[in-house]
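Colleague: what's the 3D shape of this:
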Amino acid sequence: MNKSGLIEALSKKENLTEKKAIDLVNLIFKGFTDTLKNGGRIEIRGFGSFVVRDYEAYTGRNPKTGKNITVSPKRLPFFKVGKELKAKVNGK
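Modeller: You can find the predicted model right below:
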């Protein structure tokens, strides 16, 4: 499912106009993004949690040229699956 599919499903299930469904989904995603950007953690019980992990700089290799390059430190979002979602996906 992509964002437009989520908007369509929400619109049909809750009998919302497409505009209201778009606003609602964008509001939720903005809240998630702002929380992670500010170093927060998002936990949705039964689904999973989102955190930001910090990665140090390291020396990598350009696979095309074979030259060593320095990769800058970075922060990346990470998702950890919850027990209930894992069990449902595995059919338990």
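
Colleague: only C-alpha atoms for contact and neighbour calcs from this point on.
Modeller: OK.

Colleague: against Lys30, how distant is Ile42?
Modeller: 12 Å (Cα to Cα, to the nearest Å).

Colleague: next one: Glu84
Modeller: From Glu84 to Lys30 the distance is 25 Å (Cα to Cα).

Colleague: before we move on, what about Lys83?
Modeller: 26 Å.

Colleague: in space, what's closest to Tyr58 - neighbours in sequence excluded?
Modeller: Val71 (5.3 Å; Cα to Cα, 6 or more residues apart in numbering).

Colleague: number of residues surrounding that neighbour?
Modeller: The local packing of Val71 (other Cα atoms under 10 Å) involves 13 other residues.

Colleague: for Val25, same thing?
Modeller: The burial count for Val25: 16, using other Cα under 10 Å.

Colleague: contact partners for Ile61?
Modeller: For residue 61 the amino acid is Arg, not Ile. 67-69 (Cα atoms under 8 Å, 6 or more residues apart in numbering).

Colleague: who's in contact with stretch 18-33?
Modeller: Here stretch 18-33 has contacts from 6-8, 10-11, 42, using Cα under 8 Å, 6+ apart.

Colleague: could you tell me what pLDDT the model assigned to the residue nearest to Tyr58?
Modeller: We have a pLDDT of 94 for Val71.

Colleague: and for the one 5 residues further on?
Modeller: On the pLDDT scale, Leu76 is placed at 95.
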